[in-house]
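> Quick one, what's the 3D model for this:
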Amino acid sequence: MVLQSDLPTDVFDGVEQVSSGTALLWADEADRFTARFGVLVLSVYGAAEFAGAIAGWDPALQRE
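Numbering: from 1, shown residues only. Coordinates of the predicted model:
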């Protein structure tokens, strides 16, 4: 939704990273978000039924 919006590219100034979980986010969409807004998208995995996020990327791993 954000990628299809007309938000200005500086709307996330000061934000270094966001996390994405619950539903699949394709890598190319995350890459397009980072390219447009300059904010890393870090995937997290888990289940809300027991603890929420239990594993995920950190900025160093994401950049690899």
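> And the strands in this protein, which stretches?
Counting by DSSP state E, the chain has strands at residues 17-20, 40-47, 52-56.
> Same list as before, these that is, but in a markdown table and with mean neighbour count included.
Using the backbone N, CA and C atoms, a C-beta is placed for each residue, glycine as well. Shown next, in a markdown table, are the strands of the chain (neighbours: other Cβ atoms under 10 Å):
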| stretch | mean neighbour count |
| --- | --- |
| strand 17-20 | 14 |
| strand 40-47 | 15 |
| strand 52-56 | 12 |
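> For this protein, give me the ranges with low pLDDT.
22, 48, 51-55, 57 (pLDDT under 70).
> Now tabulate the strands of the chain in JSON lines and tack on distance to Leu3.
Putting the strands of the chain into JSON lines (distance: least, Cβ to Cβ, whole Å) gives the following:
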{"stretch": "strand 17-20", "distance to Leu3": "12"}
{"stretch": "strand 40-47", "distance to Leu3": "11"}
{"stretch": "strand 52-56", "distance to Leu3": "21"}
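> Scan the chain for its longest helix.
The residue-count maximum for a helix in the chain (DSSP state H) belongs to helix 27-37.
> buried sites along it?
By 16 or more other Cβ atoms under 10 Å, the buried positions in helix 27-37 come out as Ala30, Phe33, Phe37.
> The first one and Val41 touch, don't they?
Which is Ala30. Yes: the pair Ala30 / Val41 is scored as a contact, 3.9 Å apart, by Cβ atoms under 8 Å.
> Return every residue with contacts to both of those two.
Ser20 (Cβ atoms under 8 Å, 6 or more residues apart in numbering).
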